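Novice: Give me coordinates for this.
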Amino acid sequence: MSLDPARLQPMANAIRALSMDAVEAANSGHPGMPMGMADVATVLFTGHLKFDPAAPHWADRDRFVLSAGHGSMLIYSLLHLTGYAAPTIDDIRNFRKLGSPCAGHPENFMLDGVECTTGPLGQGLAMAVGMAMAERHLNTIYGDDLVDHRTWVIAGDGCLMEGVNHEAIGLAGHLGLGRMNVLWDDNRITIDGATDLSTSEDIKARYAATGWHVTECDGHDFADIERALQEAKADPRPSLVACRTIIGKGAPNKQGTSATHGAALGAAEIAAARETLGWTSEPFVIPSDIAADWHMAGEPGRAAHGAWAGRLEASEHKAEFERRMAGDLPEGFSLDAHIDGLIAAPQKIATRKASEIALGAINPMLADTIGGSADLTGSNNTLAGGIGTFNRDNYAGRYVYYGIREFGMAAAMNGMALHGGVIPYGGTFLVFTDYARGAIRLSALQHTRVIYVMTHDSIGLGEDGPTHQPVEHLASLRAMPNLLVMRPADAVETAECWEIALKQADRPTVLALTRQNLPQLRLEAGESLSAKGGYRIKSAVAARKVVFVATGSEVELAYACAEKLEAQGIGADVVSMVCTELFDEQPDDYRADLLASDALIVSVEAASTFGWQRYTGTTGLNIGLDTFGASAPAGDLFDHFGFTAEKIVPQILNKLNA
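Specialist: Residues are numbered from 1 along each chain as shown. Model (predicted):
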């Protein structure tokens, strides 16, 4: 499209008008960013972004990420103006209202064209790194004919200040992700005021130091924006384009100030802005000639999509490519053969080792997986199955050395999952989910299939001490909606958990795995018992009076306690509670059968007791750890904190005899 300002300026002003009118109608929102970046977005969408509004899930579209998600009216305006089926003008009119897909911050599950949920600053850019990684990986497999697109990001000052930005750009620079371009809304304003209140760093130098190409432009000069975007596309490195803009551009009395950042402009200022911009249309009305120009912006993408569809149809990879991009597993995918091998030759191993063995079976038969670790490969046991290193010299590799970047790793995995075509998994210690938690929450919110391999899951890790021993982590992660937290008790359960996690197309999984060796308790083949979340792994011999509900390494301990009780004529079941989320999804009668109302329910987990009362009731017994751990060998710690049959059984007897 021509760079004629006479044509582009009204198109950009349409974004400004919709943004200020929607925020005003809601009396809530952030008009300043979309008004400030309207000119840059207009050049991007009319001349550079490859997209087809009629096919929002086209696999080879460019990915556009609005990392500065508070400026959500920018993407809502662009989607509407370019001809996506939604949002409609009524959706925009109802911005931030219940039922409107135009939420306060963009949500990927509400609108096609919103690639990821943004708002927590910095994470959009970090997820875009994962999208760019997935694009390069799939390109090496399927070639330019099927995979050849870019990842574009609009980010604000806040995105670049957040710590995850440091992790993300370091990774992108190291990997040489030259198909990724970040357009920085360099307006030098935050909520509190001018950015010099809180920062004086040289952001461009920081990006350059991490291996990025850096350029800049006047964010209100169409020709200069075009020059900068062309320069970014031509450079083989990831690019940062510093777009010098005026926040709230067009609002004559408030532009350039924090007053436009997070509040409606007010009727008087909107009237003045209309006069300044020469915008005479009523609120939510786009003149037909401007609307037609915007609809034309998608024409090159429609043509590119048509040509691509022809190449896909002729490709020998068509079926496999479509399967992977749809997120389907290969027909008949199963770990049954691997589990049969475990049954045939039981092993006493740590569940982290059992996970490695499972991956040794998974990775060769499931090309979709891309693994990695945040500098703990040898501890997490995440490298298995002969997968090579993913780096700038080998994008075909399937193992990422993320470095000490837990948050960046988790965010990148979200981006990979959202891009499609790959299933990411990554490891660190369970205690370091604290570093990654913001991204784990977005995994759950965005319904992404991301698998977190979290090892060293209790005081059982031993001498590293309380800084590394998770206590509250399982409870806090279980509190997160749409997240499966699985703590397997042996090698068989670990394999079952991997298969369950891989089959969760719309939710993430945390695998909490031990450092210490555990006996194999499951010795018979059959259905996936872990799929029920909890199941009776040992039935009472004497009349049942006690039901142990244990997880992970404590299932073995529950067995020992049950044996002592049985020796005294007290029957005890043992329930392995692999995943409370899956257990809660089971029918009422199944759950009631396991947690018998006429028995004493005893939870046993070397972690916080918080939350177990909903299974044990107020009359039950909760064996756990409600203090921080200590530095000592694992056996000494379990004894010290009361995780032995000799210390638990007397508590049960006292409870039964009370």
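Novice: Which strands and helices lie in contact with the helix or strand encompassing residue 136?
Specialist: Residue 136 belongs to helix 123-142 when assigned by DSSP states H and E. Where contact means 3 or more C-beta pairs under 8 Å, 6 or more residues apart in numbering; DSSP states H and E, helix 123-142 is packed against strand 63-66, strand 151-156, helix 163-175, strand 180-186, strand 369-373, helix 406-419, helix 433-446. Placement of C-beta: from N, CA and C, glycine included.
Novice: could you redo the last one with a cut-off of 6 Å?
Specialist: When contacts are defined as 3 or more C-beta pairs under 6 Å, 6 or more residues apart in numbering; DSSP states H and E, helix 123-142 sits against strand 63-66, strand 151-156, helix 163-175, helix 406-419.
Novice: so can I have JSON lines of those showing distance to residue 89, mean neighbour count and mean pLDDT?
Specialist: Formatted as JSON lines, the helices and strands packed on helix 123-142 follow (distance: least, C-beta to C-beta, whole Å; neighbours: other C-beta atoms under 10 Å; pLDDT from 0 to 100):
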{"stretch": "strand 63-66", "distance to residue 89": "20", "mean neighbour count": "27", "mean pLDDT": "98"}
{"stretch": "strand 151-156", "distance to residue 89": "23", "mean neighbour count": "28", "mean pLDDT": "98"}
{"stretch": "helix 163-175", "distance to residue 89": "35", "mean neighbour count": "23", "mean pLDDT": "98"}
{"stretch": "helix 406-419", "distance to residue 89": "27", "mean neighbour count": "30", "mean pLDDT": "98"}
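Novice: out of those, nearest to residue 571?
Specialist: Between residue 571 and the helices and strands packed on helix 123-142, the shortest separation by C-beta to C-beta is 44.2 Å, and it involves helix 406-419.
Novice: Let's see that closest one as CSV, backbone CA atoms only.
Specialist: Listed in CSV are the C-alpha atoms of helix 406-419, where the atom choice follows Å, rounded to 0.1, in the frame of the first residue of the first chain:
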residue,chain,number,x,y,z
GLU,A,406,13.3,-20.0,34.5
PHE,A,407,10.8,-17.3,33.8
GLY,A,408,12.1,-16.8,30.3
MET,A,409,12.0,-20.5,29.6
ALA,A,410,8.4,-20.9,30.8
ALA,A,411,7.3,-17.9,28.8
ALA,A,412,9.1,-19.1,25.7
MET,A,413,7.4,-22.5,26.1
ASN,A,414,4.0,-20.7,26.2
GLY,A,415,4.9,-19.0,22.9
MET,A,416,5.9,-22.3,21.3
ALA,A,417,2.7,-24.0,22.4
LEU,A,418,0.6,-21.1,21.1
HIS,A,419,2.4,-21.0,17.8
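Novice: Next, the angle from it to strand 369-373.
Specialist: Our comparison of helix 406-419 with strand 369-373, counting by axes from the mean of the first three to the mean of the last three C-alpha atoms, to 10 degrees, yields an angle of 170 degrees.
Novice: so what pLDDT did residue 602 get?
Specialist: pLDDT, residue 602: 98.
Novice: What of residue 1?
Specialist: At residue 1, the predicted lDDT confidence score is 61.
Novice: next one: the one 4 residues further on
Specialist: On pLDDT, residue 5 comes in at 92.
Novice: same question, residue 426
Specialist: With respect to pLDDT, residue 426 scores 98.
Novice: nearest spatial neighbour of residue 429, skipping sequence neighbours?
Specialist: For residue 429, ignoring the flanking residues on the chain, the nearest one in space by C-beta to C-beta, 6 or more residues apart in numbering is residue 456 at 4.5 Å.
Novice: if you average pLDDT over the helix holding residue 136, what comes out?
Specialist: Rounded to a whole number, the mean pLDDT of helix 123-142 is 98.
Novice: Now the residue nearest the centre of the chain: closest residue in space, sequence neighbours ignored.
Specialist: When the chain is reduced to its mean C-alpha position, the nearest residue by C-alpha atoms, centre = their mean turns out to be residue 443, at 2.9 Å. Of all residues not flanking residue 443 in the chain, residue 508 sits nearest, at 3.8 Å (C-beta to C-beta, 6+ apart).
Novice: Over to residue 417?
Specialist: By the measure of C-beta to C-beta, 6+ apart, the closest residue to residue 417 outside its immediate chain neighbours is residue 448, 3.9 Å from it.
Novice: Assign residue 400 to helix, strand or coil.
Specialist: Per DSSP: H, G, I helix; E, B strand; the rest coil, the secondary structure class of residue 400 is strand.
Novice: which residues of the stretch 451-600 of the chain fall in helices?
Specialist: Using DSSP state H, counting those that start in this stretch, the helices found in the stretch 451-600 of the chain span residues 473-478, 491-502, 554-567, 580-584, 588-594.
Novice: Pull out the buried residues from the fourth one.
Specialist: Which is helix 580-584. Within helix 580-584, the residues that qualify as buried are 580, 581, 582, 583, counting by 16 or more other C-beta atoms under 10 Å.
Novice: Return the member of these nearest to residue 314.
Specialist: Distances from residue 314 to the buried residues of helix 580-584, taken as C-beta to C-beta, are shortest for residue 582 (43.0 Å).
Novice: Skip the chain neighbours and tell me the closest residue to that closest one.
Specialist: Excluding its sequence neighbours, the residue lying closest to residue 582 (C-beta to C-beta, 6+ apart) is residue 533, at 3.1 Å.
Novice: Same question for residue 379.
Specialist: Among residues not flanking residue 379 along the chain, residue 455 sits closest, at 6.2 Å (C-beta to C-beta, 6+ apart).
Novice: tell me the contacts of that neighbour?
Specialist: Listed by C-beta atoms under 6 Å, 6 or more residues apart in numbering, the contact set of residue 455 reads 352, 380, 513.
Novice: follow-up on the earlier one: run through who's touching the helix holding residue 136.
Specialist: Applying C-beta under 6 Å, 6+ apart, the set of residues contacting helix 123-142 is 63, 65, 67, 116, 118, 147, 151, 153, 155, 159, 164, 168, 171-172, 177, 179-180, 317, 321, 395-396, 408, 411-412, 414-416, 419, 421-422.
Novice: Now do that helix against strand 151-156, angle only.
Specialist: Inter-element angle recorded for helix 123-142 and strand 151-156: 170 degrees (by the same axes, to 10 degrees).
Novice: quick one: buried residues of helix 123-142?
Specialist: Buried residues in helix 123-142, counting neighbours by 16+ other C-beta under 10 Å, are found at 123-139, 141-142.
Novice: With stretch 542-552 instead?
Specialist: Of the residues in stretch 542-552, those buried under the neighbour-count criterion (16+ other C-beta under 10 Å) are 544, 545, 546, 547, 548, 549, 550, 551, 552.
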